[in-house]
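Novice: okay, predicted coordinates and the sequence, questions at the end:
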Amino acid sequence: MIGILDSGIGGVTVLREIFKQGINAKFIYYSDSKHNPYGDKSSDEVYSIVKTIVDYLLDKGCVAIVIACNTASAICVKRLREEYPDTLFIAIEPAYKMVHDYNPNGKTLVMATEGTINSEKFLTLFNKYDNKNTTLLPCKGLAELIEEGNEVKIDRYLDDNLSKYKDIDNVVLGCTHYPLIKKNIRKVLGNVKFFDGSLGVSKELVRQLELRGITFDNKSFSVEFIDTSSNVSKENRFMELMSSSYE
Ligand code: DGL
């Protein structure tokens with residue numbers, strides 16, 4: 001069994017890529033929407049929340065944990081690897097290196113939570129690949145709106161916050177919720193190139209499982225969904241997003 005966690009349903013964008021890799025495992029998806037957003041919380045608070053989830057997933061028998069949240073990865077993964085040396089953690093980060101690899105001269109906008117943008121992990125990555133043509137934009141409140149699923153509010157937010165970046169070529173979607181609103185972002189910024197870390201994470205998961213010789217008896221991919229809020233519609237929305245296109 002493999003655990004996957006996020007502060008809500010955003011990690012569906014990661015699980016979809018994992019599904020495409022053909023791993024026949026049972027997944028437990030832990031949607032912690034009760035604590036959304038992680039991005040505005042202190043590092044200690046996020047760590048304590050994520051540690052509780054990790055303990056839960058390990059108790060359930062998970063052999064690997066995918067942190068499908070840029071904020072939680074940026075804040076927690078180093079400490080988690082120290083505290084749980086025998087556990088395989090796969091972490092996501094804003095795909096800024098992909099800009100360096102695929103369109104390094106393009107004017108670039110990195111959208112992420114405040115927690116991610118201010119983290120040492122992200123700033124180290126940014127300083128390494130800085131193309132000197134990049135704006136870092138903390139998108140306070142955006143993950144909450146996506147979690148809520150209110151298109152009108154999302155469009156208004158993007159209009160208010162992105163309109164001044166009309167000449168952007170590359171957009172790094174540094175939060176796992178953001179690939180769900182590519183269409184909305186295009187309405188403001190036009191046909192930009194999007195970069196996100198989900199493909200990299202899914203390939204890293206396959207690589208690490210192979211490296212450790214971890215295999216599964218399941219005949220197919222399956223997902224158990226858990227959400228920490230009392231909102232009963234989360235699971236339906238999540239399952240719909242697993243199979244519908246949001247490109
Ligand atoms: N999906 C999370 C991320 O990738 C959402 C952030 C939040 O809860 O603020 O950062």
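Specialist: Here it is on my side, so go on.

Novice: now tell me what touches the top helix by length along the chain from outside.
Specialist: Looking across the chain with DSSP state H, the single longest helix is helix 43-59. The list of residues contacting helix 43-59 from outside it, by CB atoms under 8 Å, 6 or more residues apart in numbering, reads 3, 5, 28, 30, 32, 35, 38, 41, 65, 67, 71-72, 75-76, 79-80, 83-84, 87, 115. Every residue, glycine included, has its C-beta placed from N, CA and C.

Novice: tell me the mean pLDDT over that helix?
Specialist: What helix 43-59 shows for mean pLDDT is 98.

Novice: and that helix, what's buried?
Specialist: Residues of helix 43-59 classed as buried by neighbour count (16 or more other CB atoms under 10 Å): 43, 46-47, 49-50, 53-54, 57.

Novice: export those as TSV, with columns for distance to Leu142.
Specialist: TSV is the format used below for the buried residues of helix 43-59 (distance: CB to CB, whole Å):
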residue	distance to Leu142
Ser43	20
Val46	17
Tyr47	22
Ile49	20
Val50	20
Ile53	22
Val54	26
Leu57	27
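
Novice: among the contacts of helix 43-59, which are in reach of the ligand?
Specialist: Residues of the contacts of helix 43-59 in contact with the ligand (CB under 6 Å from any ligand atom): 38, 71.

Novice: from the contacts of helix 43-59, which land in strands?
Specialist: Applying DSSP state E to those, the entries found in strands are 3, 5, 28, 30, 65, 67.

Novice: the most centrally placed residue in the chain sits in which helix or strand?
Specialist: Closest to where the C-alpha atoms of the chain average out (CA atoms, centre = their mean) is Thr176, at 2.8 Å. With elements taken from DSSP states H and E, nothing contains Thr176; it lies in neither a helix nor a strand.

Novice: what about the residue nearest to it when sequence neighbours are not counted, how many residues close to it?
Specialist: Sequence neighbours aside, Gly10 is the residue nearest to Thr176 in space, at 4.0 Å (criterion: CB to CB, 6 or more residues apart in numbering). Other residues near Gly10 come to 24 when the count uses other CB atoms under 10 Å.

Novice: give the contact list for Gly10.
Specialist: 68-69, 143, 146-147, 175-178, 180.

Novice: which residue ranges form the helices in the protein?
Specialist: Going by DSSP H, the chain shows helices at 12-20, 43-59, 70-83, 96-102, 114-117, 120-129, 142-148, 151-162, 182-189, 198-211, 234-243.

Novice: from the chain's centre, how far out does the longest one sit?
Specialist: Going back to what we said before, that points to helix 43-59. The chain centroid and the centroid of helix 43-59 are separated by 16 Å, computed with CA atoms, centre = their mean, to the nearest Å.

Novice: picking up where we left off before, in PyMOL, select just the buried ones from the contacts of helix 43-59.
Specialist: Applying 16+ other CB under 10 Å to the contacts of helix 43-59, the buried members can be selected in PyMOL as follows:
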select buried, resi 3+5+28+30+32+35+38+41+65+67+71+72+75+76+80+87+115
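
Novice: tell me how many other residues crowd Phe194.
Specialist: 16.

Novice: any idea how far Gly22 is from Leu205?
Specialist: 12 Å (CB to CB, to the nearest Å).

Novice: higher neighbour count, the two?
Specialist: Using other CB under 10 Å as the criterion, Gly22 and Leu205 rank with Leu205 on top: 22 against 9.
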